[in-house]
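[1] Below are the sequence and a predicted model; questions follow.
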Amino acid sequence: MKFSRLILALMAIFTVFSTAAAGPVTLRIATVAPDGSSFHKSLQQLNQQWSKAPGGGVSLMIYTQGKQGSEAQIASRMRAGSIQGAMLTANGLGQLDKDATALQLLPMMFRSWEEVDHVREALRARLEQGLYDAGYVVIFWGDAGWVRFFSRSPIEHPADLKRMRVYADGGDPVTLDLMREYYTPVPLAPHDIQLSLRNGTIDAIPMPAFLANLLQVAQFAPNMLDMRWVPIAGAMIVTRKSFDALPAETREYMLRTGREAGAEIRRQARAEDDAAVDAMRIKQKLNVVPFPPALEQEWRKELARLSPQIRGQIVPTDIYDRVGATLQDYRSHAPAGLARAED
């Protein structure tokens, strides 16, 4: 009996030392955010935190823009198991579960960050369950500013955009077909954007201001229509397989600190969005094309013609309708300063 207890004690000690010797578990995490961007830095900060997490820690091997391809390719690599997680926009998340497209692929649907926050919280349980069922765990939700159109020649009216060649991610053939109603999409890898603008392969690019400023887009596309096309919303996810293999205390720590990181990422990204436009005006001589109410009405009329193609084909019908109903209810109760009358 004493010998058996001694063996069990030695086994327990061996297990402890083996775990300590193994060090943190490594997770390969991809993003299309560039090196040195605030999003890259946020992942680096999480890596520092998580390496000291209880239960042995987690080390992140971070792949930034171009190193794992487009968001569609990153999603494919996660499905194949070659990477264990990613920071993706709703466009990329939609490769894994279509419901996520409701946060982003609805042109001019959202009018403020308050509306984005409200809808995301209203849909969060459903979105997280959908991704969980697909094999992924949401660590946190984030965003990255409003998509605006940067172009070689000024864009004012929908007809101005329609004759242009415009950068497209190219991950979803259905979305590409819809884009052809707005303009001529040119599918490119994210790391080819600058060269394509420089050599004239594309005439315009929809992108958030922080990224346009980082890539010095205004050097080759010096005009920006001051229209909030869509918010860049997204999340950091990891595969369920890799997440479930971690100790319970490690998983809890990742989720808790991840939520804190997500709140800070959203705060910082929104501040960067406005600051980037001002910086490009001053340093890169960006021409900001005004977007008065009459012009907004013109664009909304054009989008109303195309919305039946988005509903059901790009964004699942039921969640498309839920976003609309949620926004209508929010606007009916929001203070006058946060909501405008429906067009």
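    Cool, got the structure.

[2] Excluding covalently adjacent residues, which one is nearest to Thr64?
    Take Thr64 and drop its neighbours on the chain: the residue closest to it by C-beta to C-beta, 6 or more residues apart in numbering is Asp35, 4.8 Å away. In this view, the C-beta of every residue, glycine as well, is placed from N, C-alpha and C.

[3] Centre-most residue in the protein?
    Geometric centre of the chain, nearest residue: Thr89, 2.1 Å, by C-alpha atoms, centre = their mean.

[4] Is it correct that it is in contact with Gly234?
    Yes. Thr89 is within contact range of Gly234, at 4.0 Å (criterion: C-beta atoms under 8 Å).

[5] shared neighbours of these two, which are they?
    Both Thr89 and Gly234 are contacted by Gln104, Ala144, under the criterion C-beta atoms under 8 Å, 6 or more residues apart in numbering.

[6] and the strand or helix carrying Glu121, which residues are buried?
    Element membership for Glu121, per DSSP states H and E: helix 113-134. Residues of helix 113-134 classed as buried by neighbour count (16 or more other C-beta atoms under 10 Å): 113, 115-120, 122-123, 127-128, 130-131, 134.

[7] want to throw the residues you listed into a markdown table with distance to Pro222?
    Output for the buried residues of helix 113-134, formatted as a markdown table (distance: C-beta to C-beta, whole Å):
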| residue | distance to Pro222 |
| --- | --- |
| Trp113 | 27 |
| Glu115 | 30 |
| Val116 | 28 |
| Asp117 | 32 |
| His118 | 35 |
| Val119 | 33 |
| Arg120 | 33 |
| Ala122 | 39 |
| Leu123 | 37 |
| Leu127 | 37 |
| Glu128 | 41 |
| Gly130 | 41 |
| Leu131 | 39 |
| Ala134 | 41 |
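
[8] Let me see the backbone angles for the residue nearest to Leu105 when sequence neighbours are not counted.
    Nearest residue to Leu105 in three dimensions, chain neighbours excluded: Ile314, at 5.3 Å (C-beta to C-beta, 6+ apart). Here is the backbone geometry of Ile314 (degrees, to the nearest 10): phi -100, psi -50.

[9] ditto for the one 5 residues further on
    For Ile319, the backbone dihedrals (degrees, to the nearest 10) come out as phi -80, psi -30.

[10] Distance-wise, check the residue nearest to Thr64 relative to Gln104.
    Distance, Asp35 to Gln104, by C-beta to C-beta, to the nearest Å: 24 Å.

[11] And Pro24, by the same measure?
    Between Pro24 and Gln104 the computed distance is 33 Å (C-beta to C-beta).

[12] So which of these two has more stuff around it?
    Using other C-beta atoms under 10 Å as the criterion, Pro24 and Gln104 rank with Gln104 on top: 24 against 17.

[13] quick revisit: I'd assumed Pro173 was in contact with the residue nearest to Leu105.
    No. Assessed by C-beta under 8 Å, Ile314 is found out of contact with Pro173, at 11.3 Å.

[14] These two: which is more packed in?
    Relative neighbour count places Ile314 above the other of Ile314 and Pro173, with 19 against 9, counting by other C-beta under 10 Å.

[15] Next one: the more buried one from Asn213, what distance?
    To Asn213, Ile314 is 28 Å away according to C-beta to C-beta.
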